[in-house]
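K.L.:
sequence first, then the predicted structure:
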Amino acid sequence: MLPVTLHETILQIHQAGKPTVLALTGGGASAAAWLLGVPGGSRSVLEVSVPYAQEALDDYLGSSPTESYCSPETARRLAERAWERACWLAPQRPVIGIGCTASLRSDRPKKGDHRIHVASADGSHCTTYSLTLAKEQRDRQGEEELAGLLVLLALAGVSAADIAADW
């Protein structure tokens, strides 16, 4: 049975107690605020990085993305880098790295699709989730909320083995 509310999902993520580093660019930062807005965040959040500018993202990854700044590959690289950071911050513990890259509604027209790519890495697996949004259906805040929800779902999915059996 799935948790009924966002609050309950976040509580379950915190109760799983898997330290996490989140690396978010272009969108998804609302997930960090939601995670830290529910008591228990210190059990699950080690660090949140938002390398938003191209130069900052290139530095975080160690090089420019080979495909696109907003791609499944970039989300995977972010998650793997976040996992490495989590390992350093919480040695000898099972940790999670989450990466999110998004191209959301802006104050200028976009040529491509509005899209979100989120990846979760735990040292043995890296899973990617992608969502293409219908243009002009939501404002920036609405698209950002979807990005944040996708980040939380990815985090809950990788934490699921440690969450209650009815998850």
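P.N.:
Noted; the coordinates are in hand. Numbering: from 1, shown residues only.

K.L.:
and the residue positioned nearest the centre of the chain, what's its pLDDT?
P.N.:
Centroid check for the chain by C-alpha atoms, centre = their mean gives Val151 as the closest residue, at 3.8 Å. At Val151 the predicted local confidence, pLDDT, stands at 96.

K.L.:
doesn't Ala31 make contact with it?
P.N.:
Yes - under the criterion of C-beta atoms under 8 Å, Val151 makes contact with Ala31 at 3.7 Å. Where C-beta positions appear, they are placed from N, C-alpha and C, glycine not excepted.

K.L.:
so where is this protein shaky, pLDDT-wise?
P.N.:
Counting by pLDDT under 70, the chain shows low-confidence ranges at 1-4, 158-167.

K.L.:
what are the boundaries of the helices in it?
P.N.:
Using DSSP state H, the helices assigned to the chain run over residues 6-16, 29-36, 54-61, 72-89, 140-159.

K.L.:
let's have those helices in CSV, adding distance to Leu133.
P.N.:
As requested, these are exported to CSV (distance: least, C-beta to C-beta, whole Å):
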stretch, distance to Leu133
helix 6-16, 19
helix 29-36, 15
helix 54-61, 21
helix 72-89, 15
helix 140-159, 6
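
K.L.:
among those, which comes closest to Leu104?
P.N.:
Judged by C-beta to C-beta, the one of these that comes nearest to Leu104 is helix 140-159, at 4.2 Å.

K.L.:
pull the CA atoms of the closest one into PDB?
P.N.:
Extracted as PDB, the C-alpha positions of helix 140-159 are listed here (Å, rounded to 0.1, in the frame of the first residue of the first chain):
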ATOM      1  CA  ARG A 140       6.800  27.300 -13.500                       C
ATOM      2  CA  GLN A 141       5.800  26.600  -9.900                       C
ATOM      3  CA  GLY A 142       3.600  23.700 -11.100                       C
ATOM      4  CA  GLU A 143       6.400  22.200 -13.200                       C
ATOM      5  CA  GLU A 144       8.800  22.700 -10.200                       C
ATOM      6  CA  GLU A 145       6.400  20.800  -8.000                       C
ATOM      7  CA  LEU A 146       6.400  17.900 -10.400                       C
ATOM      8  CA  ALA A 147      10.200  17.900 -10.500                       C
ATOM      9  CA  GLY A 148      10.300  17.800  -6.700                       C
ATOM     10  CA  LEU A 149       7.800  15.000  -6.500                       C
ATOM     11  CA  LEU A 150       9.800  12.900  -9.000                       C
ATOM     12  CA  VAL A 151      12.900  13.500  -6.800                       C
ATOM     13  CA  LEU A 152      11.000  12.300  -3.700                       C
ATOM     14  CA  LEU A 153       9.600   9.200  -5.600                       C
ATOM     15  CA  ALA A 154      13.100   8.300  -6.700                       C
ATOM     16  CA  LEU A 155      14.400   8.700  -3.200                       C
ATOM     17  CA  ALA A 156      11.500   6.700  -1.800                       C
ATOM     18  CA  GLY A 157      12.000   3.900  -4.300                       C
ATOM     19  CA  VAL A 158      15.700   3.400  -3.500                       C
ATOM     20  CA  SER A 159      14.800   3.600   0.200                       C
END
